[in-house]
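Engineer: Got a sequence here, can you model it:
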Amino acid sequence: MLCCCSTGFLRAQNDSIQHLEPLLVKGYRFSEFQTGSYLQQISFQNSLNSLGQNIHQSLAFNSSIYIKNGGPSLIASTASRGSTAQQTSTVWCGIPIESPMLGLNDLSTLPVFLFDGMGVLYGAQSSLFGSGNIGGTIQLNHSKQIMHGIHAQLFLQAGSFETYNQGLKLSYAGSKLSMQFKYLHQNALNNFDYEWPGIGNQKMQHAGVMQHAILQEINFNPNQSHAISLKIWLQDNKRYIPDVIGGSKDNAEQTNQFARNILEYKYMKGIYQLQSRTAYFNELFNYNSLSTNNSNSRFYQISQAIDQSWSLKKHKFLFSTQYLLVKGFIDNYITDKSYQQPSILGTIQSTWFHQRFETQLNIRKQWYNEKSLPLIPSFGLNWKLKKWFTINGNIAAGFRMPTMNDLYWKPGGNEQLKPEESKSIELGASLKHKEFSFRLNAYHKLCTNQITWIANANGIWQADNIQNVEVRGTELFWQFEKTLKDWNFVLKGQHDYCLALNKSTVDLNIYNKQIIYVPKIKHLFQLAIAYRKLSVEYIHQYVGQRFYTSDNSAALSDYQLGNIFLQKTIALKNATGINLHIGIQNCWNQNYQNILNRPMPKRQIQFTFTYNF
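Structural biologist: Residues are numbered from 1 along each chain as shown. Predicted coordinates for the structure are as follows:
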């Protein structure tokens, strides 16, 4: 079992300076059919801030997505453009991997170590990817650049709060066959100190996490027309869940094991391309606490996606079919439940006026069991006014089917729930001139039938379609890069304004109020400097206040965090080299909260050693 090691950073160090521009990781599904949308590509191979992190941390350091996380051992989810966590899908090699029971993925359990990069596709993408892609899509992927021969990487990391991580990467690549193997073990007690009003200095208890992960990939390319790839991802997670400050002692803990398998086949000849993906996922959960005793759940899903495309002079056509079968077994469902989701997608992309103007129309038709859902269309355009200036826009419908817990959980599940629906419009402009690049996005979205759990007259929490939300906002991305002899400088920023208003009329006290845990303002600044084989990066984050009551009567304070990363590469004669890395997160030692009554760690330090050979 062999794998490709991530040596992109080290290869860059072979030059006189290290260029910090990210390596573009290819292979995203529908990568050629995203007209009018903004895809932000994040490479892990050249990133100082992603080394030894999980996906939610990399998103917080590199994207405009707000991460909702109550601590190192707690679930991490997203709030992209004011959407709920269930409205942003996580996709691995073109297949969604969120839990069909919860409708979301815990990003804190996805280690960066296993992947080469990810793409953040902003805005409604339901017409391309189906249910749940109202706020955007996070695409995890692997680079197609595999070094010829046999290579390996040893990864060792130790840090604050008794954190110890070890990893191994192996690779083999020949003329037609290549194999990749990655293994990671993570262990942390997370016994950090925190300050709490009225209590004083305390040490976090019962917050440890343990993880074992394996990812195996085998690629076979017999000729230029055919390619076959098999990916197997096995993982075992265990976490101890700390009690809420001020709450009763619960001693909760959760274990989770999964096996995810994807078989891909690609055929290309002339103007025609076919790509087939067959996936089988099997996942187990166990939750145990003093209040709930022992709760077990399991699901498996089978999916088949076939994408066919034709490229003519001025037009590209895409026809895609997908079938999804999910079966769930959980103590609170009383009986086993299942559903099927067949769907078809048609897309036409055209260029006009000497390829300066590009349009794309998508239409998706989907079924849920035997129920036919409305058509989901979207239309996007790119207009290249100058070589250095482009505008883009799209209009899209979106939807999200209720989760299995929304429908079948006893008590509280509601089998009469309707799908969530959305209508959105987006307009953007991008400018690139020499060392400077700039992008501005503005968006507006209406979401109806949003599913919310509320307490009924008997005090039982129940799911219902009672919430309507209006979201409007802007995003600004900019970057300046300069190279002077042996020096390379990169300065960039991301600035977000998001107004997410509750338009439900059930309770006038919450009408037109900001949705809880959605900050109106968020800023991100990054400064990276490289001198030959030495690199340093500083990241500064600002997150505005977040309301935690629906009537906006109470909020968590805004906060600012500083993070520093330093890396030195040592070249060796008989090996690719050694990387020595130091990361200091929350370097100003701020005391803050992301979730009410959930303290976050203060200053933390990580030391990382990687040996490439």
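Engineer: Mind checking what secondary structure the spatially closest residue to residue 40 that is not a sequence neighbour has?
Structural biologist: Counting by CB to CB, 6 or more residues apart in numbering, residue 40 lies nearest to residue 120, which is 4.4 Å off, once chain neighbours are set aside. (Glycine included, C-beta is placed from N, CA and C.) Under DSSP: H, G, I helix; E, B strand; the rest coil, residue 120 falls in the strand class.
Engineer: Bridged to residue 120, which residues?
Structural biologist: Note on residue 120: beta-bridge partners by DSSP bridges are residue 40, residue 138.
Engineer: Now do the same contact list for it.
Structural biologist: Residues near residue 120 by CB atoms under 8 Å, 6 or more residues apart in numbering: 39-40, 42, 59, 63, 65, 136-139.
Engineer: Look at it and report its pLDDT.
Structural biologist: For residue 120, the pLDDT comes out at 95.
Engineer: rewinding a little: show me which pair in the contacts of residue 120 is furthest apart.
Structural biologist: Spatial extent of these (CB to CB) is set by the pair 39 and 59 at 14.3 Å.
Engineer: More neighbours: these two, which one.
Structural biologist: Using other CB atoms under 10 Å, the more surrounded residue of residue 39 and residue 59 is residue 59, with 23 against 13.
Engineer: quick check, that one in a helix?
Structural biologist: Yes - counting by three-state DSSP, residue 59 is located in a helix.
Engineer: Quick check on the closest residue to it other than its chain neighbours: phi, psi?
Structural biologist: Using CB to CB, 6+ apart and skipping the chain neighbours, the partner closest in space to residue 59 is residue 65 (5.1 Å). Per-residue torsions, residue 65: phi -70, psi 130 (degrees, to the nearest 10).
Engineer: Can you give me the separation between residue 65 and residue 141?
Structural biologist: Going from residue 65 to residue 141 by CB to CB, to the nearest Å gives 17 Å.
Engineer: try residue 167
Structural biologist: Per CB to CB, residue 167 is found 19 Å from residue 141.
Engineer: same check, this time on residue 381
Structural biologist: Counting by CB to CB - residue 381 and residue 141 are separated by 26 Å.
Engineer: Of those two, which one has the most company?
Structural biologist: Set residue 381 next to residue 141 and count neighbours by other CB under 10 Å: residue 141 wins out with 21 against 17.
Engineer: Look up how far residue 60 lies from the residue nearest to residue 40.
Structural biologist: Distance of residue 120 to residue 60, computed by CB to CB: 12 Å.
Engineer: What of residue 224?
Structural biologist: Plainly put, residue 224 is 41 Å away from residue 60 if you go by CB to CB.
Engineer: what about those two, which has more around it?
Structural biologist: residue 60 (24 against 8).
Engineer: wait, doesn't the more buried one sit right on residue 543?
Structural biologist: No - at 9.3 Å, residue 60 does not count as touching residue 543 under the criterion of CB atoms under 8 Å.
Engineer: Please name the nearest non-neighbouring residue to residue 540.
Structural biologist: The shortest distance from residue 540 to any non-neighbouring residue, by CB to CB, 6+ apart, is to residue 525 (4.4 Å).
Engineer: How about residue 246?
Structural biologist: Among residues not flanking residue 246 along the chain, residue 597 sits closest, at 5.9 Å (CB to CB, 6+ apart).
Engineer: which stretches of the stretch 251-400 of the chain have low pLDDT?
Structural biologist: Nowhere does the stretch 251-400 of the chain drop to pLDDT under 70.
Engineer: repeat that with 80
Structural biologist: Applying pLDDT under 80 to the stretch 251-400 of the chain picks out residues 293.
Engineer: where along it do the strands fall?
Structural biologist: For the stretch 251-400 of the chain, applying DSSP state E, counting those that start in this stretch gives strands covering 252-269, 272-289, 293-311, 315-330, 337-352, 357-368, 371-372, 376-386, 389-400.
Engineer: for the stretch 1-150 of the chain, same thing?
Structural biologist: For the stretch 1-150 of the chain, the strands defined by DSSP E, counting those that start in this stretch cover 39-43, 66-69, 76-79, 88-92, 95-96, 117-122, 136-141, 149-159.
Engineer: Can you tell me what sits against the second one?
Structural biologist: Which is strand 66-69. Here strand 66-69 makes contact (CB under 8 Å, 6+ apart) with 56-57, 59-60, 75-80, 85, 107-108, 496, 517-519, 522, 543, 594-595.
Engineer: Give me the buried subset of these.
Structural biologist: 56-57, 59-60, 75-80, 85, 107-108, 496, 517-519, 522, 543, 594-595 (16 or more other CB atoms under 10 Å).
Engineer: I'd say residue 113 and residue 155 touch.
Structural biologist: Yes - here residue 113 reaches residue 155: they are 6.8 Å apart, a contact under CB under 8 Å.
Engineer: what touches both of those two?
Structural biologist: Common neighbours of residue 113 and residue 155, counting by CB under 8 Å, 6+ apart, are 52, 167, 184.
Engineer: okay, now the residue nearest to the first one when sequence neighbours are not counted: neighbour count?
Structural biologist: It refers to residue 52. Excluding the flanking residues, the one nearest residue 52 by CB to CB, 6+ apart is residue 157, at 4.7 Å. The number of residues packed near residue 157 is 20, by other CB under 10 Å.
Engineer: Give the bridge partners for residue 157, please.
Structural biologist: Bridge pairing for residue 157 (DSSP bridges) gives the partners residue 165, residue 608.
Engineer: and it, what pLDDT?
Structural biologist: Residue 157 is assigned 97 on the pLDDT scale.
Engineer: Let me see the contact set for it.
Structural biologist: By CB under 8 Å, 6+ apart, the contact list for residue 157 reads 52, 163-166, 606-609.
Engineer: The same query, at a cut-off of 6 Å, please.
Structural biologist: 52, 165, 606, 608 (CB atoms under 6 Å, 6 or more residues apart in numbering).
Engineer: Would you mind putting those residues into TSV with pLDDT, distance to residue 290 and neighbour count alongside?
Structural biologist: Putting the contacts of residue 157 into TSV (pLDDT from 0 to 100; distance: CB to CB, whole Å; neighbours: other CB atoms under 10 Å) gives the following:
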residue	pLDDT	distance to residue 290	neighbour count
52	91	33	24
165	97	31	20
606	96	33	19
608	97	38	19
